[in-house]
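Novice: Make a model of this:
(one chain, ligands or ions: 1)
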Amino acid sequence: MVREWDPRTASSAEITSLVETLNAVLATDLPQDPSWRADSMREYLGEVMPGERRISWIVQAEPTDPTAPGAVLGHVHVLLLGDIGVLEVLVHPSQRRTGLGRRLVRLAARRVYQEGFQSVGVEVVGDTPAVAFYESLGFTRDYVETRSVLDLSTVDWPALGEMAAGVGAGYQVQFYPGGPPNELIEAYVRAKAEIRDVEDGELRPSSYEPERLRDSLDCLHRRGMKPYIVLALHERTGEVAGLTEVVVPAQHPTRADQYDTIVVQDHRGYGIDRAIKARMLLELRSAEPGLIEVQTWNAQSNEAMLKVNAELGYRPDREWCEYGADVAELVHRLDAHG
Ligand SMILES: CC(C)(COP(=O)(O)OP(=O)(O)OC[C@H]1O[C@@H](n2cnc3c(N)ncnc32)[C@H](O)[C@@H]1OP(=O)(O)O)[C@@H](O)C(=O)NCCC(=O)NCCS
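Specialist: Coordinates of the predicted model:
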């Protein structure tokens, strides 16, 4: 049975079952990735930024025990933001190649079309069945990044200490667990507007206004994702010269996600990128003793950042792609397929 589903009001058994399916998918497609926990999963799936909406459906098996809901064997959700619907589809490995994935995309695409949106986007992990799946549905590849993973047990901590201290004169590097302090929000946003060297994927919205940044931090906290920030402050002007953001999600707290790293154009060439990232890792080591790895996504053209990441010990893991499709054409194709 396929039905629309609201994680905010779903039973805990359904949430747990969805996490089990996600972990079966990870074990099959990304066996090196840590499995997910149910912690804050309801909030992770249910909370959105102001102005955004997420619509979800599940595929549920017939219950084997009349007192418990049937297992969640598939899931699709679409996040409606700006002028695009961002899709995520999961089909349990035991249920694949029966047309379920296509059916779920059709359901979500029709809704995106009805809601008046023009395009859909999706993150597709390289070297998994999702590549052939989305290509078979007529999606085209818009953008490719490389995901790299740093195993903290391989880090040379004294060398990292030197990197953290190796910032040019006139800059102060500071650590802020939870997010930038109020008095630095405006300067932080000005630095964020420097999008040329943004490290993160396109599908995550960046925050170029103070209100939007506050909303985005609130949303992260509500979803059980703990942000950590390291800033390089330019002492003479008080401007934020560089920033790096790492998030530790309650759903997979042993592997943190690197979000944006930005060094403002005028402040490049002073070792800020290396120093702020090294400082972040040193701080995380004591703030998050359970942390084992950090993962990051980079444009393949961003050679300067890739070089610093390699020095820190990051190892390229796999391609991470963004695919897109025109919604009207997608719906037409899927309807024609039946
Ligand atoms: C991608 C995914 C949704 C496909 O689900 P599915 O139910 O198996 O897909 P369908 O049966 O609807 O397949 C539709 C078409 O896609 C293509 N396709 C799907 N899987 C394929 C594979 N492994 N190899 C080649 N083509 C494939 C085929 O053309 C297929 O049509 P066909 O079976 O008639 O040949 C599923 O593999 C999945 O959940 N992957 C994980 C996705 C994800 O987000 N992961 C994130 C963490 S890794």
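Novice: can I have the helix or strand containing Leu213 written out in PDB, keeping just the CAs?
Specialist: Using DSSP states H and E, Leu213 falls within helix 210-222. C-alpha atoms of helix 210-222 as PDB (Å, rounded to 0.1, in the frame of the first residue of the first chain):
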ATOM      1  CA  PRO A 210      20.600  37.600   9.000                       C
ATOM      2  CA  GLU A 211      17.000  36.500   9.400                       C
ATOM      3  CA  ARG A 212      17.500  33.600   7.000                       C
ATOM      4  CA  LEU A 213      20.600  32.600   8.700                       C
ATOM      5  CA  ARG A 214      18.900  32.600  12.100                       C
ATOM      6  CA  ASP A 215      16.000  30.500  10.700                       C
ATOM      7  CA  SER A 216      18.400  28.100   9.100                       C
ATOM      8  CA  LEU A 217      20.300  27.600  12.500                       C
ATOM      9  CA  ASP A 218      17.000  27.200  14.300                       C
ATOM     10  CA  CYS A 219      15.900  24.600  11.700                       C
ATOM     11  CA  LEU A 220      19.100  22.700  12.100                       C
ATOM     12  CA  HIS A 221      18.700  22.600  15.900                       C
ATOM     13  CA  ARG A 222      15.100  21.500  15.600                       C
END
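Novice: which is the next helix or strand following it?
Specialist: Next along from helix 210-222, by DSSP H and E: strand 225-234.
Novice: C-alpha coordinates for the very next helix or strand once past that following strand, CSV please?
Specialist: Following strand 225-234 in sequence order, the next helix or strand is strand 240-249 (DSSP H and E). Only the C-alpha atoms of strand 240-249 are listed here, as CSV (Å, rounded to 0.1, in the frame of the first residue of the first chain):
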residue,chain,number,x,y,z
VAL,A,240,34.6,37.7,9.1
ALA,A,241,37.5,36.8,6.8
GLY,A,242,36.7,33.1,6.8
LEU,A,243,34.3,30.5,8.2
THR,A,244,33.8,26.8,8.3
GLU,A,245,30.7,25.0,9.4
VAL,A,246,30.5,21.3,10.6
VAL,A,247,27.2,19.7,11.7
VAL,A,248,26.9,16.6,13.9
PRO,A,249,23.5,15.0,13.3
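Novice: okay, now the residue in the stretch 151-300 of the chain positioned nearest to the ligand: neighbour count?
Specialist: As assessed by CB to the nearest ligand atom, the ligand sits closest to His252 within the stretch 151-300 of the chain, at 11.7 Å. Every residue, glycine included, has its C-beta placed from N, CA and C. Neighbour count of His252, defined by other CB atoms under 10 Å: 18.
Novice: Just to be sure, Thr98 is in a helix?
Specialist: No - Thr98 sits outside any helix when classified using DSSP: H, G, I helix; E, B strand; the rest coil, being coil.
Novice: what does the model give it for pLDDT?
Specialist: At Thr98, the pLDDT value in this model is 97.
Novice: can you check the one 5 residues further on too?
Specialist: Looking at Arg103, its pLDDT reads 98.
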